[in-house]
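Q: Requesting a structural model of the entry that follows:
(3 chains)
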Amino acid sequence: MSNEIEAIKDPGLPAHVHRKADTDPAVANRAERQVATMFGVSAFGTVLLIVSYVFVPQDKFIFIPVMGNQNAHQLGLGLGMAISLFFIGLGAIHWAKTLMPDTEVVAQRHEFRSPDSDRKEFVEAVKSGAGAAGLGRRSLIKRSLGAALGLSALSPLLLLRDLGPLPKKEFETTTWKSGTYLVTDPGNRRIKASDLEVGAVAQVLPEIDDPEHRKLSDIGKDAVLLIRLRPQEFNLEPEKLAMTHDGIIAFSKICSHMGCAVALYEQQTKHLLCPCHQSTFDVTRGAKVIFGPSARPLPQLDITIDSEGYLLARKPFSEPVGPSFWERNSQ
Amino acid sequence: MTIEAGLGTVANYVDERTGAAAWMKKNLQKVFPDHWSFLLGEVALYSFVILLLSGTFLTFWFDPSQREVIYDGGYAPLEGLKMSAAYASTLHISFEVRGGLLMRQIHHWSALIFMSAIVAHLLRVFFTGAFRKPREGNWIIGIGLLTLGIVEGFLGYSLPDDLLSGTGIRIAEAIIQALPVVGSYLSYFAFGGAFPGESFIPRIYTVHVLLLPGAFLALITVHLMLVWYQKHTQYPGPGRTEKNVVGYPLMPTYMAKAGGFFFIVFGVIAFLSAVASINPIWLYGPYTPGQISAGSQPDWYMGWLDGLVRMAPPIETHAFGHTISWNILIPGLIIPGILFTGMALYPFIESWITGDKREHHLLDRPRNAPNRTALGAMSLTFMLVCLINGGNDIIATHFSLTINQIMWFTRFGVLILPPIAFVVTKRLCLSLQRADRDLVLHGRETGTLLRLPHGEFVEVHEPISPEKTYLLTSHEQAPALELPAVDAHGVKRAGGLRNKLRARMSIANAETVTKVSANDLKEIEHH
Amino acid sequence: MKRISQYRRHKAAGPFLLILALLAIGTTFNVASAVTSSQTKAVDRSVLIEEGRQIFLKGCSSCHGLNAEGGQIAPSLIGVGAASVDFQVGTGRMPMADMNTQAMRKAPLYDAVETAALAAYVSSLAPGPEIPAESSLNYERDGSTAEGGELFRNNCAMCHNFAGQGGALTQGKYAPTLMGVSPKYIYEAMITGPQSMPVFSDKTITPAEKVSIIKWIKAAENEPNLGGASLGRVGPVTEGLLGWVLGLGILIGVAVWLAMKAR
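A: Next up, the predicted model:
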């Protein structure tokens, strides 16, 4: 079929059209002046940068329409740098476009594959080389070499072993123990149940002896959100209800999806939203997932009060907090 | 002595010591075709150079340590707070080092533009078929650079240890932790213990400033050497063939243009950094795992990944005392893995479908490769839908939508819209081919009306130039592969299903509007 | 009456009435502030309550019920306190224009006196959070910006964003921007928990800490743009958009010019 169709012939490269600057010296001189002006503007930019660096204090602000109050130091440095660089580029390109040769040049391409004879010899050389080494015949060598190479890759992996300790049971434990008091974050003050009105929330952490040196890795597992509802608003199984105190319910603030802090509590709908991936949890139903990618409710902390009315944990978390991991036993 | 004579002396000096005259002469006259889309890769290259320069500046003051310090710098709203040395030193760069904030912004803006330019360059290469033989290897290097760029960018975003970057690391840790069997161990090894620990930032700092830039330099060098050696592709047109390359010589025209363009890229990035704030880390505050900001997003090149994670269905498997988080693994690792592997292998897939093993140096006009163009539009749609979901909270508040609506729209849209984009794009390409055919056969509509003797009005059509006629008809139209199920001896071929698939795809690929031939034109002239 | 109405269209009528209205408001303000310190406080208060009840019956009772007991579409106002009324009415959120969307900040319908009357009436129904005294909100004098920032990031940033610009909640609800909100209303919002917002009790975040939060919000609001245009302070989304549109946009523009043949 393709033989029958006669393709339209290539008319060849269009004739070169001369620029005005090629024929008219006045135009060429004007182009030269334009290029020089651009380089001159660039120099002005550098001056602006130097002046801004040396003379404009860092806390000086100027008002620029649309943009508002701007730091004059930063703006002067940046604009100076931008002008000095941009106009060098503009000048160089204008120079190239108007004054340097613009006749299109044709270069020939050659196919990359070598002549068949060369290629045949090359392929033969590879084959005979491999044959001389006996790669095909000496299977014992081939296999043992493969095994040795594979095994040698283990050593760098092994040497990386000391990057960190083994997790042991640390993913499953937090600082919360039976009887740990809830304290505000920040502030480290104990909280009474009566301190929270209906509709109130509080960000809390477990009380520790040295709150000044609380580790971030502990906050990453211990952070808890305290929410007070009307007790009749709960729709919980009896054992989960028993973990609340007079309408106060405590959830791990570390998202069961990817570990962001889940703390967007909507008082009217009683929903908790994670701002990272928008998993939505229903507080009245024990932080059941009602939207988004999280597959598990937030772990609930069992809380009660002491004789003076201060809130404390009755038990540690009964399941690991935060994102899932292989060893996590959800049964 | 004139400049010319001076340079001549240098050339002599160099040749006497290296004998490079022949090689240099050839390469100084090397021809580069000129087209704006060929400069997208240059934008990426130049922003990489800017990243190296500005990054080096930042390392002079940045302290990559998660050691806890009490801030006593110049920024009052953070005075006396506990924070990591990394964050405190980033504040120091921003407020006390003169020009430090500008350099930080240049570094971040050039990272964003580096990634946009890579993607734009990749799209140009894909849609014009520049990845075909002999450039498959360079395509794979390009995909490698894109992947490294995403990782490198994410590490840079994580280094300042502000609330946003800490949130990003937290999510990365969750992905590591979700890996079956080894996840919790890998997480403990990477972080030197429990998240966030004190090891991660010093470690990724070394990767960010040494290991990955080294890998970048190596890959970019090979990428450019291959472009140099294989010569640049060119767009089709009169006088341009598979056997030549038409353009400007390196010295002086192309050198001046490309060199000037470096300054343009640097200037534009400096301008952006002067007028537009990026990542104001002092407002985010230091990272602690108990805090979060509304609208926490990654930079745009990770946005599609975040959007994909957001739209994932809530599925986990709990069995035999183990947990597998499909809601993290599928969007976080499996889908990106499939996408990037598919992208890397595409040149081989296409040549398998077309059976075309020849060299190609002339680019395709996207309309003349409808299947490929449609596939590109389909992938782009997929990415855009994911990207939209990655910013769904910002979009919701700015366009009076709800995050739930956008989430549901993208959950279905990510499955439905890409195939629609494929079909629409393919039809569009074929219509454009038809329009090309009409243009060649009937010429350009002049808008001039002519009244014929019997009263009828016709529009005068003007024939198009021979150059244009050639451009619109010079492309190849390969027929579909003939892959009979039985061979010449009547024996059924092996791999029947594979063959059938290949035949089907080949037929779809060959769907085209027949281009005008010389015979057609002659026939028209006779009328 | 006829004589007055003939000046209705006089060109000075508008300004005259405006001045009159301003005088009236000013006088009422003076009276209102005077009554609190005078011995006739109780009597005036009951007048104010009655006045508030009348406004309530006209403007609010159709939704909130004749005795503020709440209805199908609106919650009970018994026990919400004066602070809640002052916040909701003073910021124009109540009365609501459209029941289908979230109550938004808009120009208030009632003036300061009417709002005070409404607040007095509602707080007379049952005790609740009181309007904070101006003297306790002196954020310029009291509080610590850094401490306020830490509290803000722990308690507020998850909804209102790291710079108080607001953010999305579920089902189209949103946390509004905190820019340009007066300290009194910020304080009232924290103690009353309007709409989706939870309550922040005085024991978990003390009044002094609340002033620190306000101090930080005001510092963020007044902070000049240190690194150039703020791009809305909403994070990487607008930055990415600008990088593509302006950054790559300009560069492609220059590239097109570069590759164009000069004439």
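Q: Could you use CA atoms for every contact and neighbour count after this?
A: Will do.
Q: State the pLDDT value of the residue lying closest to residue A:233 once chain neighbours are set aside.
A: Leaving aside its sequence neighbours, residue A:233 sits nearest to residue A:284 (Cα to Cα, 6 or more residues apart in numbering or on different chains; 6.4 Å). On pLDDT, residue A:284 comes in at 94.
Q: Looks like residue A:284 contacts residue A:237 (just checking).
A: No: the criterion here is Cα atoms under 8 Å, and residue A:284 misses it with residue A:237 at 10.6 Å.
Q: what about these two, which has more around it?
A: Neighbours per residue (other Cα atoms under 10 Å in any protein chain shown) separate residue A:284 from residue A:237, with residue A:284 holding more: 20 against 10.
Q: Could you pull up the residues touching residue C:213?
A: Residues counted as contacts of residue C:213 (Cα atoms under 8 Å, 6 or more residues apart in numbering or on different chains) are C:145, C:147-149, C:151-152.
Q: The same query, at a cut-off of 10 Å, please.
A: Residues in contact with residue C:213 (Cα atoms under 10 Å, 6 or more residues apart in numbering or on different chains) are C:139, C:143-153, C:155-156, C:183, C:186-187, C:205, C:207, C:219.
Q: does it belong to a helix or a strand, and which?
A: helix C:207-222 (DSSP states H and E).
Q: helix or strand right after that helix?
A: helix C:236-242.
Q: helices or strands next to that following helix in the packing?
A: helix B:100-127, helix B:300-311, helix B:370-390, helix B:392-398 (3 or more Cα pairs under 10 Å, 6 or more residues apart in numbering or on different chains; DSSP states H and E).
Q: how does chain B divide into domains?
A: B:28-364, B:428-526 (automatic domain parsing).
Q: most neighbours per residue, which of those domains?
A: domain B:28-364 (a mean of 20; mean count of other Cα atoms under 10 Å in any protein chain shown).
Q: Need the helices and strands packed on helix C:236-242 in a markdown table (columns: mean pLDDT).
A: Converted to a markdown table, these look like this (pLDDT from 0 to 100):
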| stretch | mean pLDDT |
| --- | --- |
| helix B:100-127 | 97 |
| helix B:300-311 | 95 |
| helix B:370-390 | 96 |
| helix B:392-398 | 92 |
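Q: would JSON lines of the ones you listed with distance to residue A:59 be doable?
A: Output for the helices and strands packed on helix C:236-242, formatted as JSON lines (distance: least, Cα to Cα, whole Å):
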{"stretch": "helix B:100-127", "distance to residue A:59": "13"}
{"stretch": "helix B:300-311", "distance to residue A:59": "32"}
{"stretch": "helix B:370-390", "distance to residue A:59": "36"}
{"stretch": "helix B:392-398", "distance to residue A:59": "32"}
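Q: can you tell which of the ones you listed is closest to chain A?
A: The closest of the helices and strands packed on helix C:236-242 to chain A is helix B:300-311. By Cα to the nearest Cα, the value is 4.6 Å.
Q: Does whichever helix or strand comes after that closest one reach chain A?
A: The helix or strand immediately downstream of helix B:300-311 is strand B:316-319, counting by DSSP H and E. Yes: for strand B:316-319, a contact with chain A is found by Cα under 10 Å from any Cα of the partner chain, at B:316-319.
Q: got a list of what the closest residue to chain C within the stretch 101-250 of chain A touches?
A: Proximity of the stretch 101-250 of chain A to chain C (Cα to the nearest Cα) peaks at residue A:200, 4.0 Å away. Residues near residue A:200 by Cα under 10 Å, 6+ apart: A:226-229, A:248, A:265, A:267, C:190-193, C:197-201, C:204.
Q: Narrow these to those in helices?
A: The helices, defined by DSSP state H, take in C:190-192 from those.
Q: Please produce JSON lines containing those, extended by neighbour count, pLDDT and distance to residue B:204.
A: Putting the ones in helices among the contacts of residue A:200 into JSON lines (neighbours: other Cα atoms under 10 Å in any protein chain shown; pLDDT from 0 to 100; distance: Cα to Cα, whole Å) gives the following:
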{"residue": "C:190", "neighbour count": "20", "pLDDT": "95", "distance to residue B:204": "40"}
{"residue": "C:191", "neighbour count": "26", "pLDDT": "93", "distance to residue B:204": "43"}
{"residue": "C:192", "neighbour count": "26", "pLDDT": "92", "distance to residue B:204": "45"}
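Q: Just the helices from chain A, written as ranges.
A: A:20-23, A:25-55, A:72-98, A:116-133, A:139-152, A:154-159, A:216-222, A:238-241.
Q: Also within reach of chain C: list those from the residues of strand B:316-319 next to chain A.
A: Counting by Cα under 10 Å from any Cα, no member of those is near chain C.
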